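Enquirer: only the shape, not the letters, is given here:
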């Protein structure tokens with residue numbers, strides 16, 4: 001049986017959210033595909049009437065918005081790495097003092 005192979009479509013970045021909350025930036029070919037990936041990320045059934053695809057909005061981001069978001073995301077990752085390191089140092093010091101069990 002022959003399989004239909006879809007050509008790779010160009011990927012765009014979509015800002016997907018539910019009622020303006022929990023905005024997730026997703027790279028996808030279409031808005032619907034971005035919504036499905038959002039559902040998968042948050043463990044939502046896409047066909048759910050109350051919280052599935054029909055309740056989400058996906059906005060295709062402009063190239064300048066994508067560049068700005070990427071720059072901010074890199075700064076956020078650096079901050080996260082710093083905080084994680086500080087928490088590990090604090091946990092190690094507490095363990096050495098016998099404060100953690």
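Expert: Everything's here; your move. The shown structure was predicted, so the numbers you read here are calculated from the model rather than taken from an experiment. Numbering: from 1, shown residues only.
Enquirer: switch to C-alpha atoms for all contacts and neighbour counts from now on
Expert: Fine.
Enquirer: out of everything not next to it in sequence, what's closest to the residue nearest to the spatial centre of the chain?
Expert: Centrality entry for the chain: nearest residue to the mean C-alpha point is residue 24, 4.3 Å, by CA atoms, centre = their mean. Excluding the flanking residues, the one nearest residue 24 by CA to CA, 6 or more residues apart in numbering is residue 16, at 5.3 Å.
Enquirer: so how far is the longest helix along the chain from its chain's centroid?
Expert: Longest helix of the chain, by residue count under DSSP state H: helix 63-97. When distances are taken as CA atoms, centre = their mean, to the nearest Å, helix 63-97 is centred 16 Å away from the chain's centroid.
Enquirer: on that earlier part again, and the angle for the host helix or strand of the residue nearest to the centre of the chain with helix 63-97?
Expert: Take DSSP states H and E as the rule and residue 24 turns out to sit in strand 21-28. Interaxial angle, strand 21-28 versus helix 63-97 (axes from the mean of the first three to the mean of the last three CA atoms, to 10 degrees): 110 degrees.
Enquirer: pLDDT of strand 21-28, averaged?
Expert: Here strand 21-28 scores 91 as its mean pLDDT.
Enquirer: list of residues touching the helix or strand just after it?
Expert: Per DSSP H and E, strand 21-28 leads on to helix 31-42 as the next helix or strand towards the C-terminus. Here helix 31-42 makes contact (CA atoms under 8 Å, 6 or more residues apart in numbering) with 14, 16, 24, 26-28, 45-46, 52-53, 56-60.
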